[in-house]
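[1] Dropping a prediction and its sequence here:
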Amino acid sequence: MRSAGRVCSRMMILEKVWDYQFDPGTNIVDVYIGKLRDKIDEEGEVKLLHSVRGEGYVIKEAP
Amino acid sequence: MTIARRMAIGYAAMSVACLVLVTWLGYHEFVEEPAEFAARGLTDVHKDTGAEFFTVCFLAAVPLLLGFGWWWMRRVLAPLQTLAATVENIDTHNLQQALPGSAGDDEVDKLSRAFNSMAARLDASFRRIHEFTLHASHELKTPLTVMRAHLETALREGESLPQEQTTWIDGQLDEINRLTRIVDSLTLLTKADAGLVGLAQEQVSLGELVKEAVEDTEALAQPHGLQVRLKQCVETVIAGDRHRLRQLLLILTDNAVKYSRSGGSIDIALRQTGDTAEVQITNTSSSLEPGTLERVFDRFVRGENARGEVEGCGLGLSIARWIAEAHGGSIQLLRETEGRISAVVKLPRRIPQRAPSSVNT
């Protein structure tokens, strides 16, 4: 939640979460975000995980 | 002195020596001995002296000449053998190493000078290719970054853009990302070729990396309905570069997911035999035509079935091979039974002193 409201690129997420220092060339981030979204946003009234087209993902309360 | 002259002089010397020997023997046989016999009042027991004499000379001279010739040839041609052995060890990485010349200014010396100048020209060409690829990938990166930034801004600021246009921009961004990945991979491989990529030397738990890879593979495989099984995992610690080894495993597991038939399964195993750790990743694969199995490690080579259907550019396995070989190990694809294909990586637990630092294409 430290980065709430900040758009995180896939590469940033890979570096911080996976500690990958290279572009793995897979859509692994998107797959995991999908899983997270299932867990967090499935029931919630306010969606938290948003994708920013072409850039990455952001956690925020606004739609 | 040239070899031809040395050989001529050697053979002349040997012939003169033979001639001297024969003359001396002849003198002894035909002049001294009859005189001695005559002085003692004896008759020569050898009736047919001439024929016997020549037989003896022939029998003595032939092995002598053969032996001397063999020894002389070996001596004279020894530098050629050294040269051949050195030339055999030449590859793209030690081209600048000068070949040893022989002591004199002879044919072998000329030959090694010719080889050296050829190697120098080849080395220069290889360097030009490397520099070209390095510069090209560097020059390509900047405009790609600029293009991506422009398109991202357009998407962010153009909220009122019609759906058609945003879809188009999305497509362009995907292509730019793909191109960026190709350029990055090419840069990495070119730098590796030039020996510019250093590897960390740390203690890496391969078991941990494999387990992580299995988790990632499960996430990637789930949408395709593929089953991922960790068959065996013997904890093995090897010396190497943690990030590169993770990259190697991810390239292989990602390939296993991409090229599996839906409903298939992926088996991952980590074994240890002696001082070698072995990772095997097996997947049910759509057919890979014979002959492609070895070539897929070459740059931009992909199985026919992969073209157009599966995302990728044909550089992943080249990088995988570089990582394995830079760790002193090897990688191969094996055809298993029932339409399965295995990728087998063998890594020594310690990196040998002279591990190749790059890939040959």
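    Thanks, I have the structure now. Numbering: from 1, shown residues only, chains lettered A, B, ... in the order given.
[2] switch to C-alpha atoms for all contacts and neighbour counts from now on
    Will do.
[3] Which stretches in chain A count as strands?
    For chain A, strands defined by DSSP state E occupy the ranges A:8-9, A:49-52, A:56-59.
[4] Outside of the last one itself, list whatever touches it.
    Under the contact criterion CA atoms under 8 Å, 6 or more residues apart in numbering or on different chains, strand A:56-59 has outside partners A:1, A:3-10, A:48-52.
[5] List only buried entries from the residues you listed.
    A:V7, A:C8, A:S9, A:R10, A:L48, A:L49, A:H50, A:S51 (16 or more other CA atoms under 10 Å in any protein chain shown).
[6] And those, which is closest to B:S205?
    Lowest distance from B:S205 to these (CA to CA) belongs to A:R10, with 26.3 Å.
[7] bridging residues for the nearest residue to the closest one once chain neighbours are set aside?
    Ranked by CA to CA, 6 or more residues apart in numbering or on different chains and with sequence neighbours excluded, the top spatial neighbour of A:R10 is A:G56, at 5.4 Å. When bridges are called by DSSP bridges, A:G56 pairs up with A:S9, A:V52.
[8] A:G56 - how many residues pack around it?
    A:G56 has 18 neighbouring residues, counting by other CA atoms under 10 Å in any protein chain shown.
[9] what does B:I266 give?
    The number of residues near B:I266, taken as other CA under 10 Å, comes to 26.
[10] hang on, the earlier thing: make TSV out of the buried ones among the contacts of strand A:56-59 and add pLDDT.
    Below are these laid out as TSV (pLDDT from 0 to 100):
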residue	pLDDT
A:V7	78
A:C8	80
A:S9	79
A:R10	78
A:L48	78
A:L49	78
A:H50	79
A:S51	76
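[11] can you put these in TSV and add distance to B:V183?
    What follows is the buried ones among the contacts of strand A:56-59, written out as TSV (distance: CA to CA, whole Å):
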residue	distance to B:V183
A:V7	25
A:C8	23
A:S9	19
A:R10	18
A:L48	35
A:L49	31
A:H50	29
A:S51	26
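[12] so who does whatever residue of the stretch 1-150 of chain B ends up closest to chain A touch?
    Nearest residue of the stretch 1-150 of chain B to chain A: B:R148, at 8.4 Å (CA to the nearest CA). Residues near B:R148 by CA under 8 Å, 6+ apart: B:L173, B:I176.
[13] What helix or strand is it located in?
    helix B:107-157 (DSSP states H and E).
[14] Contacts only, for the residue lying closest to B:K346 once chain neighbours are set aside.
    Distance criterion CA to CA, 6+ apart; nearest residue to B:K346, sequence neighbours excluded, is B:E278 at 4.5 Å. By CA under 8 Å, 6+ apart, the residues touching B:E278 are B:L270, B:R271, B:Q272, B:V344, B:V345, B:K346, B:L347.
[15] Compute the mean per-residue pLDDT across the one helix or strand the last one maps to, please.
    Taking DSSP H and E as the definition, one finds B:L347 inside strand B:340-348. The average of the pLDDT scores along strand B:340-348 is 91.
[16] my read is the residue nearest to B:K346 is in a helix, agree?
    No - under DSSP: H, G, I helix; E, B strand; the rest coil, B:E278 falls outside any helix and is assigned strand.
[17] Quick check: it vs B:L64, distance?
    According to CA to CA, to the nearest Å, B:E278 stands 59 Å off from B:L64.
[18] again with B:W72
    As judged by CA to CA, B:W72 and B:L64 stand 12 Å apart.
[19] Now stretch B:66-74: average pLDDT?
    Mean predicted confidence for stretch B:66-74 is 88.
[20] Please save the CA atoms from the helix or strand of chain A with the lowest mean pLDDT in CSV.
    Using mean pLDDT, DSSP states H and E, strand A:49-52 stands out as the lowest-scoring helix or strand of chain A, at a mean of 77. Extracted in CSV, the C-alpha atoms of strand A:49-52 (Å, rounded to 0.1, in the frame of the first residue of the first chain):
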residue,chain,number,x,y,z
LEU,A,49,-6.7,-2.8,-8.7
HIS,A,50,-6.7,-0.9,-12.0
SER,A,51,-4.8,-1.4,-15.1
VAL,A,52,-3.4,1.6,-16.8
